[in-house]
Every structure is written in C-alpha cells, then in structure tokens.
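Q: sequence plus predicted model, see below.
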Amino acid sequence: MRIRMTVAMPEGATRDGEPWPALGDEADVPTIVGAHLVAAGVAEDVTDQPARRRRTKEVGGGADGGDP
C-alpha cells in the first residue's frame, strides 16, 4: 500500500529500524500497516490519488499583484 505522511513523526522515531518518511513524503508499506496509519490519521492512501501540489506563496506587490 502506498501512503503519504500527513503528520511529522518525532525526530529519531523509526519504523522497522528505518526513519519515518517526512511530512508529505510517500512510502510503500504493508497493507495492514498502511490501513492502520490511515485510520489513525497520520497518513493517507495515495494508491489511486495523484500527488498533491503544494501551495506556493504568492510573491508580488499590492493586492492586484502590481506595485504596492
């Protein structure tokens, strides 16, 4: 099962001896593990979902994007 982390795990936390994926990163995990993480709200299933685009901060002048 492919999951995307929706929560940042504490620094130093491991899963099967490996560090947890970072917030927003995707990983392949056994289905039972992925289902538990999704049910707990710390990950989302991405098997059938396209990757989310991160919002970018708008850079510009005034409210209309022109000079302030």
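A: Now that the structure is in, tell me what you want to look at.
Q: below-threshold pLDDT in the chain: ranges please.
A: 48-68 (pLDDT under 70).
Q: at 90 what do you get?
A: Counting by pLDDT under 90, the chain shows low-confidence ranges at 15-16, 47-68.
Q: for it, what spans make up the strands?
A: Using DSSP state E, the strands of the chain run over 2-5, 14-15, 18-19, 26-28, 43-45.
Q: residues of the first one that come out buried?
A: This means strand 2-5. For strand 2-5, a neighbour-count test (16 or more other C-beta atoms under 10 Å) marks 3, 4, 5 as buried. Where C-beta positions appear, they are placed from N, C-alpha and C, glycine not excepted.
Q: name the helices or strands packed onto it?
A: strand 26-28, helix 31-40, strand 43-45 (3 or more C-beta pairs under 8 Å, 6 or more residues apart in numbering; DSSP states H and E).
Q: wait, which of the strands of the chain is closest to residue 34?
A: Proximity to residue 34, assessed across the strands of the chain by C-beta to C-beta, is greatest for strand 2-5 (4.8 Å).
Q: neighbouring strands - and their directions - for that closest one?
A: Applying DSSP bridges, strand 2-5 is found paired with strand 26-28 (antiparallel), strand 43-45 (antiparallel).
Q: what about residue 28, how many residues nearby?
A: Each residue near residue 28 was counted by other C-beta atoms under 10 Å, and the total is 9.
Q: got it, and residue 11?
A: 7.
Q: same deal with residue 10?
A: Residue 10 has 6 nearby residues by other C-beta under 10 Å.
Q: then residue 19?
A: Residues near residue 19, counting by other C-beta under 10 Å, number 11.
Q: can you pull up the bridge partners for it?
A: residue 14.
Q: do you know how far it is from residue 10?
A: Taking C-beta to C-beta, to the nearest Å as the measure, residue 19 falls 11 Å from residue 10.
Q: quick one on the thing from earlier: got the helices and strands packed on strand 2-5 as CSV, with distance to residue 14 columns?
A: Output for those, formatted as CSV (distance: least, C-beta to C-beta, whole Å):
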stretch, distance to residue 14
strand 26-28, 13
helix 31-40, 14
strand 43-45, 16
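Q: and the ones you listed, which is most packed in?
A: Stretch with highest mean neighbour count among those: strand 43-45 (a mean of 19; mean count of other C-beta atoms under 10 Å).
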